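> missing the sequence, but the structure's below:
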DNA sequence: TAGCTCAGTTGGTTAGAGCAGCTGACTCTT
DNA sequence: AAGAGTCAGCTGCTCTAACCAACTGAGCTA
């Protein structure tokens, strides 16, 4: 009766007091008093809120209103993808398609509308990428910056963050799961093409450039083999005990909508 | 040193044992034993995982591998939007733009590719919406079903779920924050137009239909006034105590990337 | 003045007890 | 024998009390 409520009440407290990101929340004892719950329950509620990015906890320092970034979503998305991958689903490909769908829909909107400053920055990033490719260094960070800079011009923070979140989730999973045999030069050329297309203002061409880029990644994904299994440790729990517990049963979803 | 680790280790346990959604996890005492932590710490870790949708807890029954739905993301996204709205940001509009961007990018892909069965279902939904509009009933549920059915044909569960999550977040916030004076007949006509465009296979027209539809919602949003403030209860904490706590300071983001 | 130590704040962790929801088997009634 | 009610024994939930660990700022020391 209390637990779900506590989270709700803490959130209400943040909204009611108009606390901005980074503002200090009451301390645990104060919350115990204010909410009329034990320290334990308060902490569990805070932990859950922390997992949602709503609250930020700093040991020996205090709890604060979180930056509400999408870091937790990245976490959940990445795990979902990894778990699905090991179960033989094409979850990684689906994640890639999600990114592609968003970027394709967006790039046409900013073709020809990007200010010269952003274009110059993208130029610099493309050059850096080429240099890194020549040196055999990792392109990942530059690739991330390229995509982030590209969509910054949309002037929608939420959109940018969601895109970056998807990028993060995809790359984290990709790094952990598959060894991608990539040709850096192709990647560089495709980024150049995206940039050129956007600069020229040709939205059709820009969309095609994005499609080619993702098509390339897609091919790399599909060429790598089946999931590589991790070691299976631990003993599976013996299912034959009495009591309240009902074994396996892929239980019906609880997504009751009100 | 333990807490962050515990979550990680529980996740590893799920992956290593290949537990599918709905599979039972070890009980709290078993986890205490397996992880070498106290009950409290285990519970806090589980609460965090629950908030991320990775784990599902049923009182008096057991803990299970979660459905990994986007319900938690909806929660976080909705809260972020509400908080931003009350701080005077146009967070709700940004959320709407996010939905529009995705749907615009996707609808062109399925123009002309939808099987007749799906088109028939969409027809039925559009009719239902018209009936509801005539009766003065709420269109929300039918609207949700329409959009969900539309993108089901993409055969990408992740994509569908993300879209539905965005829809849910948007409507929950809209319902809580603003009173939208909507003309149901316009909404119905626009859905018909989307359906017709998709059926005809004209992807340009489909994209325009989506843009019109969202443009309509956008107008409705902007006509409503400023944020309606909630009551401000409770006393702001006195900042002048000594000790470890540092007052306000919009702290620097901790998004250190590794 | 520069540096250190220490007190007092913060959250982190552990332990033990009892409460609450659920199931399956047992018992009593019909 | 069939049905309903009860109870034991699982499950997770909440509370209390104590101690540990991170951090800051004031005051002491050199």
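Yes, it's here. Keep in mind the model is a prediction, meaning the values are calculated, not measured.
> C-alpha from now on. contacts and neighbour counts both.
Fine.
> how about the secondary structure of the residue in chain A that DNA strand D sits nearest to?
When scored by Cα to the nearest atom of the strand, chain A has residue A:60 as its residue closest to DNA strand D, at 3.3 Å. Recorded secondary structure, residue A:60: coil (DSSP: H, G, I helix; E, B strand; the rest coil).
> could you do residue A:64 as well?
Secondary structure, three-state DSSP: residue A:64 is strand.
> and the gap between it and residue A:179?
39 Å (Cα to Cα, to the nearest Å).
> near the residue of chain A found nearest chain B, how many other residues are there?
Relative to chain B, the nearest point of chain A is residue A:105 (3.7 Å; Cα to the nearest Cα). Neighbourhood size, residue A:105 [other Cα atoms under 10 Å in any protein chain shown]: 22.
> tell me if I'm right that it and residue B:108 touch.
No. Contact between residue A:105 and residue B:108 fails when scored by Cα atoms under 8 Å: they sit 9.3 Å apart.
> picking up where we left off before, contacts only, for the residue of chain A closest to chain B.
Listed by Cα atoms under 8 Å, 6 or more residues apart in numbering or on different chains, the contact set of residue A:105 reads A:207, B:101, B:102, B:103, B:104, B:105, B:106.
> least confident pick among those residues?
Lowest pLDDT of the contacts of residue A:105: residue B:105, 85.
> for residue A:96, which non-adjacent residue is closest in space?
residue A:170 (6.9 Å; Cα to Cα, 6 or more residues apart in numbering or on different chains).
> ramachandran angles for the one you found?
With angles defined as degrees, to the nearest 10, residue A:170 sits at phi -60, psi -50.
> for it, give me its contacts.
A:78, A:92, A:95, A:96.
> now, which of the residues you listed lie within strands?
Judged by DSSP state E, strands contain none of those.
> now the residues you listed as CSV including neighbour count, pLDDT and distance to residue A:123?
Output for those, formatted as CSV (neighbours: other Cα atoms under 10 Å in any protein chain shown; pLDDT from 0 to 100; distance: Cα to Cα, whole Å):
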residue, neighbour count, pLDDT, distance to residue A:123
A:78, 24, 93, 31
A:92, 25, 94, 30
A:95, 23, 96, 27
A:96, 20, 96, 25
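> identify all contacting residues around whichever helix or strand residue A:221 is part of.
Using DSSP states H and E, residue A:221 sits within helix A:203-223. With Cα under 8 Å, 6+ apart as the test, helix A:203-223 has contacts from A:93, A:96, A:100, A:103-105, A:107-112, A:178, A:180-182, A:187, A:190-191, A:193-194, A:197-198.
> which of these are buried?
A:93, A:96, A:100, A:103-105, A:107-112, A:178, A:187, A:190-191, A:193-194, A:197-198 (16 or more other Cα atoms under 10 Å in any protein chain shown).
> among those, which ones are in helices?
If you go by DSSP state H, those have A:93, A:96, A:100, A:103-105, A:107-110, A:187, A:190-191, A:193-194, A:197-198 in helices.
> thinking again about what came up before, now, the most widely separated pair of the contacts of residue A:170?
Using Cα to Cα, the two most remote members of the contacts of residue A:170 are A:78 and A:96, lying 12.0 Å apart.
> tell me the domain boundaries of chain A?
What the record gives for chain A is the domain set A:3-65, A:72-223, from automatic domain parsing.
> ok, residue A:138 - how many residues close by?
Residues near residue A:138, counting by other Cα under 10 Å: 12.
> spatially nearest residue to it (excluding sequence neighbours)?
residue A:132 (6.7 Å).
> pretty sure that neighbour sits against residue A:143.
No. Residue A:132 lies out of contact with residue A:143 (Cα under 8 Å); the separation is 10.9 Å.
> phi, psi of residue A:201?
Per-residue torsions, residue A:201: phi 80, psi 10 (degrees, to the nearest 10).
> ok, it - contacts?
Here residue A:201 is in contact with A:111, A:112, A:113 (Cα under 8 Å, 6+ apart).
> swap in residue A:162?
Residues counted as contacts of residue A:162 (Cα under 8 Å, 6+ apart) are residue A:70.
> what helix or strand does residue A:57 sit in?
Here residue A:57 is assigned to strand A:55-58, by DSSP H and E.
> anything in that strand near chain B?
No. Strand A:55-58 lies apart from chain B when judged by Cα under 8 Å from any Cα of the partner chain; the minimum separation is 9.8 Å.
> contacts for that strand next, please.
A:46, A:49, A:50, A:63, A:64, A:65, A:66, A:67, A:68.
> distance to DNA strand D for those residues - can I get that in a markdown table?
Below are the contacts of strand A:55-58 laid out as a markdown table (distance: Cα to the nearest atom of the strand, whole Å):
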| residue | distance to DNA strand D |
| --- | --- |
| A:46 | 12 |
| A:49 | 14 |
| A:50 | 16 |
| A:63 | 12 |
| A:64 | 14 |
| A:65 | 17 |
| A:66 | 17 |
| A:67 | 19 |
| A:68 | 21 |
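> from these, which are also near DNA strand C?
Applying Cα under 7 Å from any atom of the strand to the contacts of strand A:55-58, one finds that residue A:63 fall near DNA strand C.
> ChimeraX command for the buried members of the contacts of strand A:55-58?
Selection command for ChimeraX covering only the buried members of the contacts of strand A:55-58, criterion 16+ other Cα under 10 Å:
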select /A:46,49,50,63,64,65,66,67,68
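> distance between the ends of stretch A:13-27?
13 Å.
> where does the stretch 101-250 of chain A have low pLDDT?
Scanning the stretch 101-250 of chain A for pLDDT under 70 picks out A:223-250.
> now with 80, please.
A:179-182, A:222-250 (pLDDT under 80).
> is DNA strand C contacted by the strand holding residue A:57?
Yes. Contact of strand A:55-58 with DNA strand C (Cα under 7 Å from any atom of the strand) involves A:57, A:58.
> in that strand, what counts as buried?
Here strand A:55-58 shows A:55, A:56, A:57 as buried, counting by 16+ other Cα under 10 Å.
> re the thing from before, now the residue of chain A closest to chain B, nearest residue through space, not along the chain?
Nearest one to residue A:105, counting by Cα to Cα, 6+ apart, is residue B:105 at 3.7 Å.
> how long is stretch A:28-47 from one end to the other?
Terminal residues of stretch A:28-47 are spaced 12 Å apart (Cα to Cα).
> then stretch A:41-60?
19 Å.
> for DNA strand C, give me its nearest residue in the stretch 51-200 of chain A.
For the stretch 51-200 of chain A, Cα to the nearest atom of the strand, closest residue to DNA strand C: residue A:60, 2.8 Å.
> so how far is residue A:161 from that residue?
30 Å.
> what's the answer for residue A:110, then?
17 Å.
> please apply the same query to residue A:16.
26 Å.
> over to residue A:152?
10 Å.
> same question for residue A:213.
Counting by Cα to Cα - residue A:213 and residue A:161 are separated by 21 Å.
> same question for residue A:193.
If you go by Cα to Cα, the gap between residue A:193 and residue A:161 works out to 24 Å.
> okay, residue A:136 and residue A:9: tell me how far apart.
For residue A:136, the distance to residue A:9 equals 52 Å [Cα to Cα].
> I meant to write residue A:71 there.
From residue A:71 to residue A:9 the distance is 23 Å (Cα to Cα).
> looking at the two, which is more packed in?
Each of residue A:71 and residue A:9 has its neighbours counted (other Cα under 10 Å); residue A:71 has more, 20 against 14.
> for residue A:100, which non-adjacent residue is spatially closest?
Nearest one to residue A:100, counting by Cα to Cα, 6+ apart, is residue A:214 at 6.4 Å.
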